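Chemist: Sequence and predicted structure are below.
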Amino acid sequence: MSTPKISVRDVEKVFPVGKEPFVALGGVSLDIADNEFVTVVGPSGCGKSTLLNILAGLEQPTGGTALVDGRPVTGPGPERGVIFQQYALFPWLTVRENVEFGMRTAKVPKSERRERAEHFIRLVGLEQFADALPKTLSGGMKQRCAIARAYAVNPSILLMDEPFGALDALTRVRLQEQLLETWSKERRTVMFITHDVDEAVFLANRVVVMAARPGRIAEVIEVDLPYPRDEDMRLSPEFGALRNRVWHAVYHQRQIKEPAQ
Ligand SMILES: Nc1ncnc2c1ncn2[C@@H]1O[C@H](COP(=O)(O)OP(=O)(O)OP(=O)(O)O)[C@@H](O)[C@H]1O
């Protein structure tokens, strides 16, 4: 088997909280293949963001290792693009300048920067708004801009932490479809955190269900539905059955009691 793009081996994260340490992740192992789309669901506080932040290089594990392309993650890197729920656009820069910003940091020459920015702005359907400032955009448009910016740096991995969490249902569905369209044209390895079971199934090759106390992987569910996925698929019995399975895995979890310290 080829080396997984992402490999999480027995990762633990213990936060010192008050007198007793808090085990946010208690030994998580997960491999994600190149170009795979994995979604992560689980109850609040089960360590989803902590896991993503470790892969992003924003947090260090207190045990185990997180590997990208076979190398341990020691900090953030240009091969990993991170998208959070809050759009994190620079308010004083236009859409185009925001999209170019990451490439500027990555020292991409100006003409290439322009060209790539145009390409990704078009891909997310913001060409009419290339010269607009973020304050004039809707939430969905801002998030599309953040996605274009992340893609433009050409990361091989996208780490997305509830990127559509703040959006209304209709915008959310549109952005899901657009993300899949972009992903099918510009293949990337994606890890996408969501609270929305429908969204998790609609997007993924595999859904990772996490559980809390300690944060761990409860179940991994294969989504063997073909791409492209569309509205009809969302209404299909196969989709419904998978959604029910994920729902059940999330909402009927047994609590493991941590041993008394
Ligand atoms: N810096 C920190 N110090 C102490 N505890 C923390 C810290 N960061 C996270 N935690 C705790 O670790 C646990 C996991 O947090 P995390 O944000 O990873 O969960 P999550 O599954 O992403 O939650 P949510 O779905 O609510 O966003 C939580 O109980 C949280 O309070």
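Modeler: Perfect, I can see it now. Numbers count the residues shown, from 1 in each chain.

Chemist: what's near enough to touch residue 11?
Modeler: Listed by C-beta atoms under 8 Å, 6 or more residues apart in numbering, the contact set of residue 11 reads 25, 27, 28, 29, 51, 54, 61, 63, 64, 65, 66. Just so you know, the C-beta spots here come from the backbone N, C-alpha and C atoms, and that holds for glycine as well.

Chemist: Quick check: residues of the stretch 151-261 of the chain near the ligand?
Modeler: residue 215 (C-beta under 6 Å from any ligand atom).

Chemist: wait, the stretch 1-150 of the chain
Modeler: The stretch 1-150 of the chain comes close to the ligand at residues 15, 17, 22, 24, 42, 44, 45, 46, 47, 48, 49, 50, as judged by C-beta under 6 Å from any ligand atom.

Chemist: Quick check: closest non-adjacent residue to the first one.
Modeler: The shortest distance from residue 15 to any residue other than its chain neighbours is 4.7 Å, reached at residue 22 (C-beta to C-beta, 6 or more residues apart in numbering).

Chemist: ok but that neighbour is inside a strand, no?
Modeler: Yes - under DSSP: H, G, I helix; E, B strand; the rest coil, residue 22 sits within a strand.

Chemist: From what I see, it and residue 14 are in contact.
Modeler: Yes - in this structure residue 22 lies within contact range of residue 14 using C-beta atoms under 8 Å: 6.8 Å.

Chemist: Most neighbours among the contacts of residue 11, which one is it?
Modeler: residue 51 (30 neighbours; other C-beta atoms under 10 Å).

Chemist: Model confidence score at residue 220, please.
Modeler: Residue 220 is assigned a predicted lDDT (pLDDT) of 97.

Chemist: Can you classify it by secondary structure?
Modeler: strand.

Chemist: Name all residues that make contact with it.
Modeler: Residue 220 neighbours (C-beta under 8 Å, 6+ apart): 30, 206, 207, 208, 209.
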